[in-house]
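Novice: make a model of this:
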Amino acid sequence: MSDFVPIGQLGPPIQAESEAGPTRDGDIVSLDEHDSTHPIDLSQKDITFLESLDDISQTTPLETAFTSDGLVIIETGSHVGTITLPSGLQIEVTPKQTVTRLLWALQYAFDTPVDTFDFETSFTSASSFFDALGVLFQAELQTVLDQGLHRNYTRTRDIREHVQGRIDVQRQLQRPAAVTTNFAVEYDEFTTDNLLNRAVLASLRILLVLVQDEKLSSRLKHQEQQLREFVSVEPVSMADVRRIELSRLNDHYEALLELARLILAREFFEDVRAGERRSLALFVNMNDVFERIVERSFRAAAKNLDGLQVAGQASIPNVVEGPHAVSMRPDILVTRDDGTPVTVADAKWKTGSTSSGDVYQLTSYILALEAPGAIVYPQTGGERKESSVMGTYSLRSIELATNPDVETYDDYATTLEESACQYLNAVGEAL
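Specialist: Predicted structure coming up:
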């Protein structure tokens, strides 16, 4: 499963009307992916904050260009999310062209069992992106609470009337003589008050500031109360959170931990609850989301077909030997139970024509595996054709049904998986 690489940034306070530069608190600009604004007047603080996004990611979610008279044009790419500039201007980027509902796409990518919340999550304000994340977070946290909070041994230092663990000699000698019947001790405690649960609580407290849906906020507040009975509010380092490793004892945290890392990304672990309102940005690369959607739909489709296995980001043989060889890891590799390749696929979150780079990359996979392949695109209604490699192996471009005309999430997931199954059936018939 591919990793999410979120882009999160906390910026300067939102300026008051008396400050220099235009103030647009409450103004909203809604953009699609690969879209652009009309020339707009931005303050230098706004421009600096936008440009700071370049420093935290290899692929920036927003590009800026300047007109001859100093106005700014903001261009979007494949990232979706929201940014609030220091002037108060909110910019939201949504995948309206290729995904019916962002919530459904994220839910499917994370494989999150969201109940019917009566939420009609749509992009009516910049805050709704956080509402979509909040729905997923609430559902995953409820799953964790139902299965039980993770416990582990944590080194604890305390003052006790009786010796527990070992005496902390240095601290004991520093204590006043009048209370020598109390002991400074250090011991390992089997507790729920550990880094993993503190990271979950920290991200939950941030979400409570960002979500706007009242029903969702109420449910998150209730979960916060439940957590705080067992977990203390402590600052968490993003570096420490990244180092958390799950085991079979706590693998039910997997999706929740990924969401927590997303929310805590970069400077989001700072206390956004205190003080004045801050400019902020949070974006998700839809390429990462789509790769997960494709992998999960292919896995589901393969379960309905006998003798097929699906691997994501699998290492395959290289067609080049020597110093020019590079790692080859296609997004999807489908094999028979004995390991024989059936097909290889690469996910591309694009709505335009097939690029030569996409074809060259897939061709190398096809030649390495001696198996047919496909470039998988989101649904746009475009015509997708079939070619051949060396006159032997099929190379197709196919569309996954990411924009179906359905009313429920279950129908959305079923339609996705049926479109993946159609391709696997077609490949099987051709072999």
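
Novice: just the strands from the stretch 151-300 of the chain, written as ranges.
Specialist: Along the stretch 151-300 of the chain, the stretches classed as strands by DSSP state E, counting those that start in this stretch are 152-160, 166-167, 183-191, 278-285.

Novice: and for the strand or helix carrying Leu395, what's in contact with it?
Specialist: Assigned by DSSP states H and E, Leu395 belongs to strand 393-400. The contact list for strand 393-400, computed with C-beta atoms under 8 Å, 6 or more residues apart in numbering, reads 293-294, 297, 354, 359, 362-363, 366-367, 370-382, 384-389, 416, 419-420, 423, 427, 430. For glycine as for every other residue, the C-beta is placed from the backbone atoms N, C-alpha and C.

Novice: cool, and stretch 287-305?
Specialist: 1-5, 78, 105-106, 108-111, 308-310, 312, 331-332, 334, 345, 347-349, 376, 378, 400, 402, 416-421, 423-425, 428.

Novice: sitting in strands, which of those do you find?
Specialist: Among those, DSSP state E puts 308-310, 312, 332, 334, 345, 347, 376, 378, 400 in strands.

Novice: filter those residues down to the buried ones and hand me the ChimeraX line.
Specialist: Entered in ChimeraX, the line below selects the buried ones among those, by 16 or more other C-beta atoms under 10 Å:
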select :308,310,312,332,334,345,347,376,378,400
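
Novice: among the ones in strands among the contacts of stretch 287-305, which two are most distant?
Specialist: By the measure C-beta to C-beta, Gln309 and Pro378 form the most distant pair in these, at 24.9 Å.

Novice: returning to what we had before: restricting to C-alpha, output the strand holding Leu395 in CSV.
Specialist: Coordinates of each C-alpha in strand 393-400 appear next as CSV, following Å, rounded to 0.1, in the frame of the first residue of the first chain:
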residue,chain,number,x,y,z
TYR,A,393,1.7,-8.3,-24.9
SER,A,394,-1.4,-6.2,-24.5
LEU,A,395,-1.0,-2.6,-23.2
ARG,A,396,-4.3,-1.0,-22.3
SER,A,397,-5.5,2.2,-20.8
ILE,A,398,-8.6,1.7,-18.6
GLU,A,399,-10.8,3.8,-16.4
LEU,A,400,-11.8,3.0,-12.8
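
Novice: chain center to stretch 43-55: distance?
Specialist: 23 Å (C-alpha atoms, centre = their mean, to the nearest Å).

Novice: for it, C-alpha coordinates in PDB please.
Specialist: Provided in PDB are the C-alpha atoms of stretch 43-55 (Å, rounded to 0.1, in the frame of the first residue of the first chain):
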ATOM      1  CA  SER A  43      -0.400  40.900   0.500                       C
ATOM      2  CA  GLN A  44       3.200  40.100   0.800                       C
ATOM      3  CA  LYS A  45       2.400  37.900   3.800                       C
ATOM      4  CA  ASP A  46       0.000  35.900   1.700                       C
ATOM      5  CA  ILE A  47       2.600  35.500  -1.000                       C
ATOM      6  CA  THR A  48       5.300  34.400   1.500                       C
ATOM      7  CA  PHE A  49       3.000  31.800   3.000                       C
ATOM      8  CA  LEU A  50       2.100  30.400  -0.400                       C
ATOM      9  CA  GLU A  51       5.800  30.200  -1.400                       C
ATOM     10  CA  SER A  52       6.600  28.500   1.900                       C
ATOM     11  CA  LEU A  53       4.700  25.400   0.700                       C
ATOM     12  CA  ASP A  54       7.500  24.800  -1.800                       C
ATOM     13  CA  ASP A  55      10.000  24.300   1.100                       C
END
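
Novice: in it, what counts as buried?
Specialist: Result for stretch 43-55 [16+ other C-beta under 10 Å]: buried residues 43, 45-47, 49-50, 53.

Novice: now, which of these sits nearest Ser327?
Specialist: Nearest to Ser327 among these: Leu53, at 28.2 Å, using C-beta to C-beta.

Novice: skipping adjacent residues, who's closest to that closest one in space?
Specialist: Sequence neighbours aside, Thr60 is the residue nearest to Leu53 in space, at 5.3 Å (criterion: C-beta to C-beta, 6 or more residues apart in numbering).

Novice: then Asn285?
Specialist: Nearest one to Asn285, counting by C-beta to C-beta, 6+ apart, is His79 at 5.3 Å.

Novice: ok, now Asp337?
Specialist: Nearest non-adjacent residue to Asp337, counting by C-beta to C-beta, 6+ apart: Gly307, 5.0 Å away.

Novice: ramachandran angles for that neighbour?
Specialist: Dihedral pair for Gly307: phi 80, psi 20, per degrees, to the nearest 10.

Novice: look up how far Leu195 lies from it.
Specialist: Using C-beta to C-beta, to the nearest Å, one obtains 42 Å as the distance from Gly307 to Leu195.

Novice: the two: which is more packed in?
Specialist: Neighbour tally, Gly307 and Leu195, criterion other C-beta atoms under 10 Å: the higher count belongs to Leu195, 17 against 12.

Novice: report pLDDT for the more buried one.
Specialist: Leu195 is assigned 92 on the pLDDT scale.
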